[in-house]
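Novice: no letters, just coordinates:
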């Protein structure tokens, strides 16, 4: 909890509360708030949970992110937006599919119920019912061996803080459109996401978190391409010679009286 003390002071002051007012909200003595902010004492878990509700932050943000140094704008914890989803006749969410041709329109229509209703949708088994999913058709060869036309199914993330370094994500961005990359989360340091292609021909680059509209964690993919088997090591001349000798030996056994 290295940043808890400084974060508590920053968030309290930003909210316009005095130590006395915050103490009253928590049912504590003012001296306890002073001790928390000075780092002389740490609050109980129940108090931390109450603080996250008061300041609208996550436990991770409150305890592990250097808000004082980087500013609240880097946290971006608030939900990126309210999702528009498609339901079936049983009020179960369907997976809306954003094809290549629809990707440009998606940047303007993702919050439009009418637009979303006109997208193709489908269901998949074995996916958690507690998440919202969307499918995106990828283009280009930056994420080989997944070929252009592969459909990546992603689960919606409410916050960049949920990104796991090195995992693959579909990012819906203001400037770059829809991109599928391997992502590293550096928002606590630079306010950016570092994105990497699996195809090493393409160079990594940064995307400002301010440019990100949606984040979808890759959970499955659908493709008509079956990957080729891993090529075996080339056969040496010695191995070929041995194979020929074995074949000759077998022939002799068959033809001998």
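Specialist: Sure thing, it's come through. Every value quoted in this text rests on a predicted model; they were computed, and no experiment measured them.
Novice: tell me the contacts of the closest residue to residue 206 other than its chain neighbours?
Specialist: Leaving aside its chain neighbours, residue 206 sits nearest to residue 192 (4.3 Å; criterion: C-beta to C-beta, 6 or more residues apart in numbering). Every C-beta, even on glycine, is put in place using the N, C-alpha and C of the backbone. For residue 192, the contacting residues are 186, 206, 207, 208, 209, by C-beta atoms under 8 Å, 6 or more residues apart in numbering.
Novice: now go through those and say which are in strands.
Specialist: Filtering those for membership in strands, criterion DSSP state E, returns 186, 206, 207, 208.
Novice: dihedrals phi and psi, residue 29?
Specialist: Here is the backbone geometry of residue 29 (degrees, to the nearest 10): phi -80, psi 150.
Novice: got a pLDDT number for it?
Specialist: Taken from the predicted model, the pLDDT recorded for residue 29 is 93.
Novice: likewise residue 159?
Specialist: Among the per-residue scores, residue 159 holds a pLDDT of 81.
Novice: that one: how many residues sit nearby?
Specialist: Using other C-beta atoms under 10 Å, residue 159 is surrounded by 17 other residues.
Novice: quick one: low-confidence ranges for the stretch 51-200 of the chain?
Specialist: Across the stretch 51-200 of the chain, residues meeting the criterion (pLDDT under 70) sit at 68-83, 187-190.
Novice: let's see that with 50 instead.
Specialist: 72-80, 188 (pLDDT under 50).
Novice: beta partners of the residue nearest to residue 206?
Specialist: On DSSP bridges, the residues paired with residue 192 through beta bridges are residue 186, residue 208.
Novice: can I get the buried part of the contacts of residue 192 as one ChimeraX selection?
Specialist: Command for ChimeraX that selects the buried part of the contacts of residue 192, burial taken from 16 or more other C-beta atoms under 10 Å:
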select :186,207,209
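Novice: now stretch 135-153: buried residues?
Specialist: Of the residues in stretch 135-153, those buried under the neighbour-count criterion (16+ other C-beta under 10 Å) are 135, 136, 137, 138, 139, 142, 143, 146, 150, 151, 152, 153.
Novice: now swap in stretch 6-13 and tell me
Specialist: Judged by neighbour count (16+ other C-beta under 10 Å), stretch 6-13 contains these buried residues: 7, 8, 9, 10, 11, 12.
Novice: that older thread, turn the buried residues of stretch 135-153 into TSV, including distance to residue 39.
Specialist: Below are the buried residues of stretch 135-153 laid out as TSV (distance: C-beta to C-beta, whole Å):
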residue	distance to residue 39
135	47
136	45
137	51
138	47
139	51
142	46
143	45
146	48
150	50
151	50
152	45
153	45
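Novice: out of the residues you listed, which is nearest to residue 201?
Specialist: Using C-beta to C-beta, residue 142 comes nearest to residue 201 of these, at 7.9 Å.
Novice: phi and psi next, for the residue nearest to that closest one when sequence neighbours are not counted.
Specialist: In space, and not counting its chain neighbours, residue 142 is closest to residue 197: 3.9 Å by C-beta to C-beta, 6+ apart. For residue 197, the backbone dihedrals are phi -90, psi 150 (criterion: degrees, to the nearest 10).
Novice: no further questions, thank you.
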